[in-house]
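Participant: prediction below, plus the sequence it came from.
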Number of protein chains: 2
Amino acid sequence: MIEHKVAQESCKNCHLNEVCIPESMNDHEVAQLETLVKLRIKLKKKDFLFLAGDDFKAIYAIKSGSIKTSITNQAGMEQINGFFIQGEIIGLDGFATDKHVLNAIALEDTHICVIKKDELESMSEKFIPLKNQIQRIMSKEIVRDNNMMLLLGNMNAEQKIATFIQNISNRLNKRHNNHLAITLRMTREEMGSYLGLTNETVSRVLKKLSDINLISIDAKELLILDEDGLKQVIHQDCNP
Amino acid sequence: MIEHKVAQESCKNCHLNEVCIPESMNDHEVAQLETLVKLRIKLKKKDFLFLAGDDFKAIYAIKSGSIKTSITNQAGMEQINGFFIQGEIIGLDGFATDKHVLNAIALEDTHICVIKKDELESMSEKFIPLKNQIQRIMSKEIVRDNNMMLLLGNMNAEQKIATFIQNISNRLNKRHNNHLAITLRMTREEMGSYLGLTNETVSRVLKKLSDINLISIDAKELLILDEDGLKQVIHQDCNP
DNA sequence: CGGATGCTTGAGGTCTATCAAAGCGAGTGG
DNA sequence: CCACTCGCTTTGATAGACCTCAAGCATCCG
C-alpha cells in the first residue's frame, strides 16, 4: 500500500457527508468524528488497500474513486464480492478476527479516508453515536450480502446483469450523480466473477440488453435507456 | 410468535457459554450479561421468531433446536440464507433499518434466549465488552456471507453439498457434539434453496456421495464416512 | 511498434433445471 | 388400529442455459 498524507480536510464540509459515516450525526458529533480521520491515502489503479491476512488496523471511507474486494477460500477459488464507490465504507470484515479476510484493490486512482481502529475503539467508548453508526453500516452490509446471495443462487444471467446495473445506478443516484450514465471501472471478467458468470456470458448479455435497447454500451461507457425495461428483465418469470 | 416465559437460568452455567455471546467475557462480565437475558422463548416447529418487516426489538441466541432464515427480494423471489443451531445468534439483520429484513422460522422445537434491543443499547453504553462482542458477531456474519457468495457463484452442485456438510460438521464440532453424525432438520428443498439448487439435484448429489462411500444417508440421518474424501470433492478442479 | 490484456463472437458440450411419475412416511380421522 | 392423504423424496427423460475452448480483433502501454 502506498500512503500519502494529504492535507486535513473537514468531514463536515465533505460533500459525501450524507452517505459516509456522518449520515445521522449532528454537527457536534461530526466534529468529534473529524478527530478520527487523521490520515487520508491516495491509491493508484491496482494498488491494494489491504489483503486477506493483513492485520485489521482501520476501516476506510472512499472519498473518490472505486475499490473492488475479493475473497479466496481454502480451495483456492477467488471471487470478487464487492465493488465500492464514493462515500462507501470498507474494511468491516476485519472486526471478527482482527485480520482481514478480504482483499481490497483500487480499480482506478482513489482517495481514502482512514479511520484507525485504535482511535475508533477508544473514541467509541465515549462516543456512542459512532458505534451505533458502525453497527448500522455492518448491518447494512449483511443485508447487502443477503441480497447478493439471492442473486447468485436464483437468478439467470440476464437478471444478474440487469440487477447489477440497477444497483450501481441506485448508488450513484444516492450520491446525486447522473444515475443513467455509468462508467464501468471493472473488466468483464471482474463483473463475471462478482456475478458468478464468465466474461463471455457478461459480454453476450450486455450485447443482448443493448440489442433490445434497454441500454447502450460502448466499451466501459454504459447508458441506461429504459429503466422500466430493466426492471422487467429482473422480474421476468415472477408471478406467471 | 408464541412466547413462554421460562425459569430464569444462568448464562454462566449454560453449557453454551463458550460459543454464545459470553465467548470471551470474564465472570464479572457474564454476570452483567445475565441481567440482559430476562426472557426465554419456546418455539414449535414452523413457528416464526420474526418476519421481514417486523420491528427490530431484540437479538436472539439459540439455546436448543434450530432456525432457518430466509429473504425475499422485490421481485418476489425467496431464498433461505441461513440455518442456525445451538449457540448461534440471529436477528442482526435488524440493526440497519430497525426493521428485520429476514424471516426466522423454527425447524423443530426450539428454545431461544432473548436479548432486548433497548436493554442491549443502554447496557452496552456502560458495558463495552458486550458491544465489542456484538460487533465481532456481526463481522463473523459478514465473513460467513462472503463465503456463501463464493459457494453460490463458483461451485458446482457436488462442491456445494460437500461444503454444506462440512460446514455443519464444523459447527457441531465447535459445540462438542459428534461432528460425524448429522441430523438434517431441513427438507431437501430447503437445502436446495440455500445452496442455489433444486430439490432433485440435492437428492441426486446426496445419493452420489453415498454411492462413492463418502457419506451414508438415510432420510434425515447423515453420517460422514470419509472426511478427506469430502474435502477432495470440494477442492476438485483446483490446482489442476 | 509489439506484446499484453481485454473484448467479442462462434461452435460444441455439460451441468443442472424442468417436467413427470412413482415410492415413502408421518400425521389425521374414521 | 388401519386407511388415507399430503408432503417429501427419489428416479428418469429431456431441454436449455451457461461454460469451455478457440480464434480474431481492439485497446492500452511501455
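Facilitator: Received, thanks.
Participant: hey, let's count contacts and neighbours off CA atoms from now on
Facilitator: Will do.
Participant: in chain A, where's the longest helix?
Facilitator: Determined from DSSP state H, the single longest helix within chain A is helix A:128-154.
Participant: does that helix reach DNA strand D?
Facilitator: No: applying C-alpha under 7 Å from any atom of the strand, one finds helix A:128-154 separated from DNA strand D by no less than 9.3 Å.
Participant: list the contacts of the helix or strand that that helix is followed by.
Facilitator: Downstream of helix A:128-154, the first helix or strand assigned by DSSP states H and E is helix A:157-174. Residues outside helix A:157-174 that contact it (C-alpha atoms under 8 Å, 6 or more residues apart in numbering or on different chains): A:19, A:151-152, A:178-180, A:182, A:195, A:197, A:201-202, A:205-206, A:230-231, A:233-236.
Participant: do helix A:157-174 and DNA strand C meet?
Facilitator: No: against DNA strand C, helix A:157-174 shows no contacts by C-alpha under 7 Å from any atom of the strand, the least distance being 12.3 Å.
Participant: and the angle for that helix with helix A:128-154?
Facilitator: Taking axes from the mean of the first three to the mean of the last three C-alpha atoms, to 10 degrees, one finds helix A:157-174 and helix A:128-154 inclined to each other by 160 degrees.
Participant: helix A:157-174: which residues count as buried?
Facilitator: Buried positions in helix A:157-174, judged by neighbour count with 16 or more other C-alpha atoms under 10 Å in any protein chain shown: A:157-166, A:168-172.
Participant: of the residues you listed, closest to DNA strand D?
Facilitator: residue A:157 (3.7 Å; C-alpha to the nearest atom of the strand).
Participant: center of chain A - which residue?
Facilitator: residue A:84 (1.9 Å; C-alpha atoms, centre = their mean).
Participant: which residues does the worst-scoring helix or strand of chain A on mean pLDDT contact?
Facilitator: Counting by mean pLDDT, DSSP states H and E, the weakest-scoring helix or strand in chain A turns out to be helix A:27-34, with a mean of 79. Outside helix A:27-34, the residues that touch it by C-alpha under 8 Å, 6+ apart are A:10-12, A:22, A:129-130.
Participant: the next helix or strand after that helix packs against which elements?
Facilitator: Under the assignment DSSP H and E, the closest C-terminal helix or strand after helix A:27-34 is strand A:39-43. Here strand A:39-43 touches strand A:110-116, going by 3 or more C-alpha pairs under 8 Å, 6 or more residues apart in numbering or on different chains; DSSP states H and E.
Participant: buried ones in the strand it packs on?
Facilitator: Neighbour-count burial for strand A:110-116 [16+ other C-alpha under 10 Å]: A:110-116.
Participant: what's the answer for stretch A:187-204, then?
Facilitator: Those would be A:188-199, A:201-202, for stretch A:187-204 by 16+ other C-alpha under 10 Å.
Participant: I'd like those laid out as JSON lines, including secondary structure.
Facilitator: Below are these laid out as JSON lines (DSSP: H, G, I helix; E, B strand; the rest coil):
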{"residue": "A:188", "secondary structure": "helix"}
{"residue": "A:189", "secondary structure": "helix"}
{"residue": "A:190", "secondary structure": "helix"}
{"residue": "A:191", "secondary structure": "helix"}
{"residue": "A:192", "secondary structure": "helix"}
{"residue": "A:193", "secondary structure": "helix"}
{"residue": "A:194", "secondary structure": "helix"}
{"residue": "A:195", "secondary structure": "helix"}
{"residue": "A:196", "secondary structure": "coil"}
{"residue": "A:197", "secondary structure": "coil"}
{"residue": "A:198", "secondary structure": "coil"}
{"residue": "A:199", "secondary structure": "helix"}
{"residue": "A:201", "secondary structure": "helix"}
{"residue": "A:202", "secondary structure": "helix"}
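Participant: those: which ones sit near chain B?
Facilitator: Restricting these to those near chain B by C-alpha under 8 Å from any C-alpha of the partner chain leaves A:193-197.
Participant: now render these as JSON lines, adding pLDDT.
Facilitator: Below are those laid out as JSON lines (pLDDT from 0 to 100):
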{"residue": "A:193", "pLDDT": "96"}
{"residue": "A:194", "pLDDT": "97"}
{"residue": "A:195", "pLDDT": "97"}
{"residue": "A:196", "pLDDT": "96"}
{"residue": "A:197", "pLDDT": "97"}
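Participant: of those residues, which pair is most distant in space?
Facilitator: By the measure C-alpha to C-alpha, A:194 and A:197 form the most distant pair in those, at 7.7 Å.
Participant: residues in contact with stretch A:56-64?
Facilitator: Here stretch A:56-64 has contacts from A:16, A:20-21, A:84-92, A:94-95, A:98-100, A:110-118, using C-alpha under 8 Å, 6+ apart.
Participant: quick check: buried residues in that stretch?
Facilitator: A:56-64.
Participant: how about the backbone phi and psi for residue A:76?
Facilitator: phi 90, psi 0 (degrees, to the nearest 10).
Participant: chain B versus that one, what's the distance?
Facilitator: From residue A:76 over to chain B the distance is 7 Å, taken as C-alpha to the nearest C-alpha, to the nearest Å.
Participant: repeat for residue A:103
Facilitator: Residue A:103 sits 12 Å away from chain B, going by C-alpha to the nearest C-alpha.
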